[in-house]
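Enquirer: Compute the structure for the input listed below.
(2 chains)
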Amino acid sequence: MILDLYNYWVVIFLMMSGFYTLIASNHLIKKIVGLNIFQSSVFMLYISMGKVAGGTAPIAAEGIDTYSNPLPHVLILTAIVVGIATTSLALALVIRIKESYDTVQENEILELDRISDEETQA
Amino acid sequence: MINEHLPALQVVVPLLAAPICFLILNNRLSWLFASLVSWLCFAMAILLVMEVKDGAVLHYEFGGWAPPWGIEYSVDVLNAYVLLIVSGIAAVVFPYSWTSIQKEIPESHHRIYFTAMMLCLAGLLGMTITGDAFNLFVLLEISSLSSYTLISLGRDRRALTASFQYLIMGTIGATFILIGVGLLYALTGTLNMADLASKIPALEGSRTLQAAFAFLVVGFGLKLAMFPLHLWLPNAYAFAPSAVSAFIGSTATKVAIYALLRFLYTVFGADFSFNFMQVQWLLMPLAVASILFASMVAMFQDGIKRLLAYSSVAQIGYMLLGISLVNITGLTGTLLHLFNHALMKGGLFLTLGAIAYRVGDTRVKSIAGLGQAMPFTMGAFVVGALSLIGVPLTVGFISKWYLILATLEKGYWPLTVLIIISSLMAVVYTWRIIETAYFQERPANAPEVKEAPLSLLIPAWTLIAANLYFGINSRLSTDLATGAAKMLFGGSLL
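Expert: Residues are numbered from 1 along each chain as shown, chains lettered A, B, ... in the order given. Have a look, this model is predicted:
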């Protein structure tokens, strides 16, 4: 009964592991990886939702009358494009952060900011 | 003839103008073109407001595909009002940009700046006008991605980490919205907001619907900086270039509040949101916390931009408070504060841009003695600050008046006291700046400072003058806000 909905369990597992990586890791690139896993889980939610049991690809053909719903798949193509844009922008930012801070560890960046704050105060 | 295509043109024009801004190789021409397009958008928004202000609703079917299959844009009083705010601020900030970015952004990035601003404008206008839930997500991401780029253009290297932090938080928010929309689609098989609204009442009690509601509220909560999801905002506003702070600070969170209202009232319906889910009891404590906490933090800031950013979090608290009162006066107060806060924060950030242009930075201690050196700039700042406090004859008074009336109507007098206390806190944090500027001498070794150039003063004073004009003659904003609030409570008119 619970296994009937296994696609949702996969989605929830991926979503939580991505979210955990995003929150818990200190390395900026690992955060982006977490964000990607998190987003992919939502893509899978949409894609598995569009599948109709016993349905085929939505191409009109003789002798077939059950089709999968193509709309969620099309929506997710858009969301994937958005995801790629987000990832590439995030990576570009990390490169610039690396150039100006010489580190991609979040705690070291915060420490450097604290030091420069104290210098401007003084 | 052209009029019937206005809802589409409102978004298509800035969207097409964005790549053109980049293709025009001359920076100055690119700026002139961008300013013209922003005025054109403002003109279109005015035309749309005139068409719908009596309660008419415009529908536009993209490519002739009838809803609920095709994407539909629909304009009613509420989104025409928000379109007017967004495009009006853009029409002031775009001309202002040229002088302001000369000192803040390297010349090689000027065209990229205009392109990103244009994309951000297109995304925000599109989010406001669309009648399709998935389309809203896509346009939200267009505006968000361009605002991450704009924030990272700041001079300080902390602009990069601020932008990265905003990117992470913003993408989580957008993904939550995507999950919410997906769950709604799984339940109803439609993405059109009006169609969703007609199918949702039959589903009350469905666990999936409740989950979708929760995901959407948290997702928009992240985008509109609802306490305690506001952590991205202070750094993003503080380290972005001045013109970007003015634009994003006065439009992006407003559009997110609009989207939240649209989902709470139109898509889910007031009955489901407030009677069944009781979302007001989530929003009210968070609104109170953000008003008190953010005003408190603002009193202890050294950087004026960061101070104004925390004050923005507090103002967003007012707007959420108005929603959480669930009466027409409260909602009118929220909608008025959308308009009025855009005017005051826009004006204040623009004057700060003028200070940054002459002085180089905007810490409280570096503006000592500027009252004499830059009388017009600091004069604008004082008027903006009075409006932020809510002194009569400024717009800040009007929206706080409505909020106070709404709390009294409900009999929640502790909230009335809270609004008055937080206004006094606003006196404290703005007075620190005014006192430093007028009653402290400029340090002897500080370089000579002149009044800001007219190309910065005119746009800043335009917004500041609007603060006074709409504070005295508030018919336009109150009529539209009351009309929109009545429409939201009167059920779906989409």
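
Enquirer: mind listing what residue B:41 touches?
Expert: Residue B:41 sits next to B:10, B:13-14, B:87, B:90-91, B:121, B:125 when contact means Cβ atoms under 8 Å, 6 or more residues apart in numbering or on different chains. All C-beta atoms are positioned from the backbone trio N, CA, C, and that covers glycine.

Enquirer: Which helix or strand contains it?
Expert: Taking DSSP states H and E as the criterion, residue B:41 maps to helix B:27-52.

Enquirer: Sort out for me which of the contacts of residue B:41 are in strands.
Expert: Using DSSP state E, no member of these sits in strands.

Enquirer: Give me the subset of those lying in helices.
Expert: The helices in this structure, assigned by DSSP state H, contain B:10, B:13-14, B:87, B:90-91, B:121, B:125 from the contacts of residue B:41.

Enquirer: Now do the phi/psi pair for residue B:58.
Expert: When read as degrees, to the nearest 10, the backbone of residue B:58 gives phi -90, psi 140.

Enquirer: so what's it bridging to?
Expert: When bridges are called by DSSP bridges, residue B:58 pairs up with residue B:75.

Enquirer: do you know how far it is from residue B:171?
Expert: 32 Å (Cβ to Cβ, to the nearest Å).

Enquirer: out of the two, which sits in the more crowded spot?
Expert: residue B:171 (27 against 18; other Cβ atoms under 10 Å in any protein chain shown).

Enquirer: just checking, that one touches residue A:35?
Expert: Yes. Using Cβ atoms under 8 Å, residue B:171 makes contact with residue A:35 at a distance of 5.9 Å.

Enquirer: Give the residues shared as contacts by those two.
Expert: residue A:86.

Enquirer: Which one of the residues in chain A is closest to chain B?
Expert: Of all residues in chain A, the one sitting closest to chain B is residue A:100 (4.1 Å; Cβ to the nearest Cβ).

Enquirer: How about that residue: what's its closest non-neighbour residue?
Expert: residue B:157 (4.1 Å; Cβ to Cβ, 6 or more residues apart in numbering or on different chains).

Enquirer: before we move on, what about residue B:463?
Expert: Residue B:463 sits nearest to residue B:347 (Cβ to Cβ, 6+ apart), 3.7 Å away.

Enquirer: Going by neighbour count, which residues of the longest helix anywhere in chain A are buried?
Expert: Identified as the longest helix of chain A according to DSSP H is helix A:71-101. Under the neighbour-count criterion of 16 or more other Cβ atoms under 10 Å in any protein chain shown, helix A:71-101 has A:71-73, A:75-76, A:79, A:82-83, A:86-87, A:89-90, A:93-94, A:96-97, A:100-101 buried.

Enquirer: Burial check on residue B:472, number of neighbours?
Expert: 12.

Enquirer: any idea how far residue B:448 is from chain A?
Expert: For residue B:448, the distance to chain A (Cβ to the nearest Cβ, to the nearest Å) stands at 23 Å.

Enquirer: got it, and residue B:37?
Expert: Relative to chain A, and taking Cβ to the nearest Cβ, residue B:37 is found at 23 Å.

Enquirer: Next: residue B:377.
Expert: Look at residue B:377 and chain A: by Cβ to the nearest Cβ, they are 23 Å apart.

Enquirer: correct me, but that residue touches residue B:354?
Expert: Yes. If you go by Cβ under 8 Å, residue B:377 and residue B:354 touch, sitting 4.7 Å apart.

Enquirer: before we move on, the earlier item: tell me which element the residue nearest to residue B:463 is part of?
Expert: Counting by DSSP H and E, residue B:347 is part of helix B:328-359.

Enquirer: other SSEs contacting that helix?
Expert: Helix B:328-359 sits against helix B:77-104, helix B:242-261, helix B:304-324, helix B:375-389, helix B:395-410, helix B:454-472, helix B:475-489, with contacts defined as 3 or more Cβ pairs under 8 Å, 6 or more residues apart in numbering or on different chains; DSSP states H and E.

Enquirer: and whichever helix or strand comes after that helix, which residues are buried?
Expert: Using DSSP H and E, the helix or strand that follows helix B:328-359 in sequence is helix B:370-373. Buried residues in helix B:370-373, defined by neighbour count with 16+ other Cβ under 10 Å: B:370-371, B:373.

Enquirer: Flag the shaky bits of chain A, pLDDT-wise.
Expert: Within chain A, the segments meeting pLDDT under 70 span A:1-2, A:121-122.

Enquirer: how about the residues of it that lie near chain B?
Expert: Proximity of chain A to chain B is confined to A:19, A:22, A:28, A:31, A:35, A:38-39, A:42, A:45-46, A:49, A:71-72, A:75, A:78-79, A:82, A:85-86, A:89-90, A:93-94, A:96-97, A:100-101, A:109, A:113, A:120-121 under the rule Cβ under 8 Å from any Cβ of the partner chain.

Enquirer: repeat that with 6 Å
Expert: A:35, A:39, A:42, A:45-46, A:49, A:75, A:78, A:82, A:85-86, A:89-90, A:93, A:96-97, A:100, A:109, A:113 (Cβ under 6 Å from any Cβ of the partner chain).

Enquirer: what's the burial count for residue 62?
Expert: Defaulting to chain A. Neighbours of residue A:62 (other Cβ under 10 Å): 5.

Enquirer: that's the wrong chain, I wanted chain B
Expert: Neighbour tally, residue B:62, other Cβ under 10 Å: 16.
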